[in-house]
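Peer 1: Model the structure of this input:
(4 chains)
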There are 2 protein chains.
Amino acid sequence: MILKKYNKNQEISVAIDCVIIGYDQKKLSVLLFQRQVEPFKGSWSLLGEVPDAKTSMDKSAQDIIYKLTGAKDIYLSQLKTYGDLDRDPLERVISIVYYSLIRVDVFKKIDLKKYNAKWFDLNEVPEIILDHNQMINDAVSKLREIAKTKPIGFRLLPKLFTLPQLQNLYECLYSNGFDSRNFRKKILSSGFLKKTNIKDKSSSRKGAFLYSFIDSNQFVEEKTKDTNIKDVFEF
Amino acid sequence: MILKKYNKNQEISVAIDCVIIGYDQKKLSVLLFQRQVEPFKGSWSLLGEVPDAKTSMDKSAQDIIYKLTGAKDIYLSQLKTYGDLDRDPLERVISIVYYSLIRVDVFKKIDLKKYNAKWFDLNEVPEIILDHNQMINDAVSKLREIAKTKPIGFRLLPKLFTLPQLQNLYECLYSNGFDSRNFRKKILSSGFLKKTNIKDKSSSRKGAFLYSFIDSNQFVEEKTKDTNIKDVFEF
DNA sequence: CCAAAAGTGTTAAGCATACACCCATGC
DNA sequence: GCATGGGTGTATGCTTAACACTTTTGG
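Peer 2: Below is the predicted model of the structure:
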């Protein structure tokens, strides 16, 4: 039986855009790209692509990040789909947006020149094309929401990190200072952290103990489904 | 200046599907439609459509619901986009899914026969086409998440409702019984409810006072952005 | 010895939880 | 007068929030 397709001449194009968020031990940044072609040549934008019809959307987003970083275990999640009528003046395109968290030690390897890319402090994002500013804002909101209940913040840190580093990351994300005693109590009681005996002395004379996240992706996926862990990361 | 389009021959089609959730004072249901055409003729599915290239996605979803119910103030929100490669065996289609909460007093007006539609208890959803079961599950999960912090549950009730009704709704959503004293304390302290002096005697001899939700959409949008109201609706 | 960052405990308040009886009414 | 569902208060434990000083070490 041969069936006719749903709509042969649909005139809606599909794009994928990625909000790539990174952390450099001091501040949160977003990776922007300077367009080399018209339209909007010379303007900054998110990393976007027209997906291949033979690849799933999730996989397409992964491929985009992989091409950029060479890394495969990057955190990547669908944000939402932007479908306003006039969001792109050139033609009707809807954009399926993903957001990604990239660890310092991974993104250092990105050849920024090759991609005409630059990290921008999240608090100093310039005007960028189309509705891409909105996408960044939405991604940050979602990240704040999710970081309260899931330990995704660890995705932004190197494998070993100190508690002051972790606290700084949360403080950047929420633009807010936290009491270090309360922060430590809460974060340690969550059971996500494993202390090492190694001290990192790069930022103080006394040195701070390094911790690792009790890794294993299944921990993130499985354990945090349990509603008991709710708000573990809210300070 | 004439620019060439991004990709003239993209072979990805776009669909919109709607998870329509209703409440009939006893249980939560989802509205399914029996397909009248191939492919999958005779099978149950969500309400779906191929969007018009001249309408925004949000508006398209609203239009779909409006055509069905005639109502314009329906709660409607984007769930996520389903983009797996083989989700539709016929061709490459991605589906942008919205979910909608429909009040009893609105959905009674739907001509179910005309649309070959039927309400199914959320606990007894049959096998439906493609990945539509997954869409329903995701919508319920999201609804549970959101109902903890935002008063969207009220969208499923008539303008005036009793506290036992509201409690039943939450109990259905979470498949879980709540202590009525604690429930009332929490829900009343949220400030979302306004008591009337009218008693509803349809379900008991004593009668239960009717309440209304302090309506105004801006309340839902604005006030709940404040993180203080977090978890008001978690029991 | 001192500057700079890391690390540590206690108290008070608010919130969530558990729990059982009286009330109003129609029949 | 009794059956049915509606309505109410308190005591306990837990979680959060506020708060300041000591430790370590390199220079």
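Peer 1: Assess the claim that residue A:191 and residue A:214 are in contact.
Peer 2: Yes - look at residue A:191 against residue A:214 with Cβ atoms under 8 Å: they come within range, at 7.3 Å. The C-beta positions use only the backbone N, C-alpha and C, and glycine is treated the same way.
Peer 1: which residues do those two both contact?
Peer 2: When Cβ atoms under 8 Å, 6 or more residues apart in numbering or on different chains defines a contact, no residue borders residue A:191 and residue A:214 alike.
Peer 1: OK, contacts around the closest residue to residue A:29 other than its chain neighbours?
Peer 2: Nearest non-adjacent residue to residue A:29, counting by Cβ to Cβ, 6 or more residues apart in numbering or on different chains: residue A:119, 4.1 Å away. Going by Cβ under 8 Å, 6+ apart, residue A:119 touches A:22, A:24, A:29, A:30, A:31, A:32, A:107, A:112.
Peer 1: Lowest-confidence one in these?
Peer 2: In terms of pLDDT, the lowest of the contacts of residue A:119 is residue A:107, showing 68.
Peer 1: Give me the pLDDT for residue A:223.
Peer 2: 37.
Peer 1: looking at it, residue A:84 is touching residue B:55, isn't it?
Peer 2: No - using Cβ under 8 Å as the test, residue A:84 is too far from residue B:55 to be in contact (10.2 Å).
Peer 1: quick check, the residue nearest to residue A:29 in a strand?
Peer 2: Yes - per DSSP: H, G, I helix; E, B strand; the rest coil, residue A:119 lies within a strand segment.
Peer 1: if I look at it, how far off is residue A:98?
Peer 2: Distance, residue A:119 to residue A:98, by Cβ to Cβ, to the nearest Å: 18 Å.
Peer 1: Over to residue A:133?
Peer 2: Residue A:133 is 17 Å from residue A:98, by Cβ to Cβ.
Peer 1: again with residue A:168
Peer 2: Distance from residue A:168 to residue A:98, counting by Cβ to Cβ: 26 Å.
Peer 1: neighbour count winner among these two?
Peer 2: residue A:98 (25 against 20; other Cβ atoms under 10 Å in any protein chain shown).
Peer 1: what helix or strand does the more buried one sit in?
Peer 2: strand A:93-102 (DSSP states H and E).
Peer 1: just the angle between that strand and strand B:93-102, please?
Peer 2: Using axes from the mean of the first three to the mean of the last three Cα atoms, to 10 degrees, the inter-axis angle of strand A:93-102 relative to strand B:93-102 is 90 degrees.
Peer 1: Against residue A:28, how distant is the residue lying closest to residue A:174 once chain neighbours are set aside?
Peer 2: Using Cβ to Cβ, 6+ apart and skipping the chain neighbours, the partner closest in space to residue A:174 is residue A:144 (6.4 Å). Going from residue A:144 to residue A:28 by Cβ to Cβ gives 11 Å.
Peer 1: cool, residue A:210 as well?
Peer 2: Distance of residue A:210 to residue A:28, computed by Cβ to Cβ: 21 Å.
Peer 1: Could you do residue A:34 as well?
Peer 2: Taking Cβ to Cβ, one finds residue A:34 at 20 Å from residue A:28.
Peer 1: count of neighbours near residue A:29?
Peer 2: When neighbours are counted by other Cβ under 10 Å, residue A:29 comes out with 22.
Peer 1: and it, helix, strand or coil?
Peer 2: Here residue A:29 is strand, with the state taken from three-state DSSP.
Peer 1: same deal with residue A:21?
Peer 2: strand.
Peer 1: same thing with residue A:91?
Peer 2: coil.
Peer 1: interface residues of chain A facing DNA strand C?
Peer 2: A:162-164, A:179-182, A:184-185, A:203-209 (Cβ under 7 Å from any atom of the strand).
Peer 1: Could you list which of those residues belong to helices?
Peer 2: A:163, A:164, A:180, A:181, A:182, A:184, A:185 (DSSP state H).
Peer 1: Name the member of the residues you listed with the most neighbours.
Peer 2: Neighbour-wise, those (other Cβ under 10 Å) top out at residue A:163, 18 neighbours.
Peer 1: what's that residue in contact with, if anything?
Peer 2: Residue A:163 is in contact with A:180, A:183, A:184, A:187, A:208, A:209, A:211, counting by Cβ under 8 Å, 6+ apart.
Peer 1: And the pLDDT at it?
Peer 2: Looking at residue A:163, the pLDDT reads 95.
Peer 1: Can you tell me how far it is from residue A:144?
Peer 2: From residue A:163 to residue A:144 the distance is 20 Å (Cβ to Cβ).
Peer 1: Residue A:16 now?
Peer 2: Taking Cβ to Cβ, one finds residue A:16 at 23 Å from residue A:144.
Peer 1: what about these two, which has more around it?
Peer 2: Remark: of residue A:16 and residue A:144, residue A:16 carries more neighbours, 24 against 15, as counted by other Cβ under 10 Å.
Peer 1: Just the element for that one, please.
Peer 2: According to DSSP H and E, residue A:16 maps onto strand A:13-23.
Peer 1: Please tell me how far that strand is from the chain's geometric centre.
Peer 2: Distance of strand A:13-23 from its chain centroid, counting by Cα atoms, centre = their mean, to the nearest Å, is 9 Å.
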